[in-house]
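**Q** Generate coordinates for the sequence data below:
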Amino acid sequence: MRMPPDAPLPSAARPSPEALAREHAFVVLAYKESPFLAGCLEGLAGQTVKSRVLIATSTPNAAIERAAAARGLEVLVNPAREGIAGDFNFGLRASDARLVTLAHQDDTYAPNFLEKTLAEFAAHDGALCFTSYVEIDDAGRPMRSKVSLAKHAIERLTLGGRRVLKGAALRAFLSLGNALPCSSVTYDLARLGDFAFSPDFVSNLDWDAWWRLQAAGHTFLRAPYPLVGRRHNALTETSRLIKDGTRRAEDLAMFRRAWPWPIAEIIAAAYRAGY
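**A** Numbering: from 1, shown residues only. The predicted structure follows:
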């Protein structure tokens, strides 16, 4: 008989966060030459609970090699150039770890990011765990934008203090925008089976993934703390996708999954005003 999604895995007892750390890997998604890669790696090296750190890239270059060498890290090269979804999927399976955090090279991680994340996996059964975030500028200072304020409002209004999410609350959270920060997510590959990011999306491949996973009945876990610093500037891929209209089209496609056509158009327009 088929087990329901995220049923307890066979185990004599719940593992401790320290035991789960031995099954975890940070896979840093490195692309071209980012001035922030070294800072990301520093944050991962300073975690209060230690685990492996690897770098995955489809654009190998001297800058990535230098950053890896400074930390003694392995660089795994994706031989295929299959876009963002291909890079995400390669990173997800690049190690033999059960629990994988796809760390983004431009973002920063609080020292207790992994500790708080693994505590949720130790306490609950879920396919993934995410945290909250703060938006930061190029110097790493906290900042605010209309879109980040809107996303934090969506999180507060739909989730409150919940740590275990599924059903109506999770659907409501995902139906109002892409407020789940993908660089904060840790995946339990033992529960996700053959899950993969879709190449049909570029800007919203993460939002599409969350929607498909909740529709399949998976449970999401949440560590409700701002443990990731997310950068947004003119150099990021997100900025380019906003400028060329890709973000607008993909946002509307996602809202149409959750809402009837007229309502989807209205919500998409309001969401777009925050770009």
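**Q** Where does the prediction get shaky in the stretch 151-275 of the chain?
**A** Within the stretch 151-275 of the chain, the stretches with pLDDT under 70 are 233-245, 274-275.
**Q** the helices in the stretch 1-150 of the chain, which residues?
**A** 17-21, 37-45, 62-71, 83-92, 113-123, 146-159 (DSSP state H, counting those that start in this stretch).
**Q** In terms of secondary structure, what does the helix or strand following the longest one contact?
**A** Right, the one you point to is helix 146-159. Later in the chain than helix 146-159, the nearest helix or strand by DSSP states H and E is strand 164-165. When contacts are defined as 3 or more CB pairs under 8 Å, 6 or more residues apart in numbering; DSSP states H and E, strand 164-165 packs onto strand 220-231. C-beta: built from backbone N, CA, C; applies to glycine.
**Q** Sheet partners, orientation included, of the strand it packs on?
**A** strand 108-109 (antiparallel), strand 128-136 (parallel), strand 164-165 (antiparallel) (DSSP bridges).
**Q** So which of these is nearest residue 221?
**A** With CB to CB as the measure, strand 128-136 is the member of those nearest residue 221 (3.9 Å).
**Q** Give me the distance from the closest one to the chain's centre.
**A** Taking CA atoms, centre = their mean, to the nearest Å, one finds the center of strand 128-136 at 8 Å from the center of the full chain.
**Q** For it, the averaged confidence score.
**A** For strand 128-136, the mean pLDDT works out to 97.
**Q** contacting residues around it?
**A** Strand 128-136 is contacted by residues 108, 113, 116-117, 120-121, 142-145, 148, 152, 155, 180-181, 183-188, 192, 213, 218, 220-232 when judged by CB atoms under 8 Å, 6 or more residues apart in numbering.
**Q** Now list the buried members of those.
**A** 108, 113, 116-117, 120-121, 148, 152, 155, 180-181, 183-188, 192, 213, 218, 220-224, 226-232 (16 or more other CB atoms under 10 Å).
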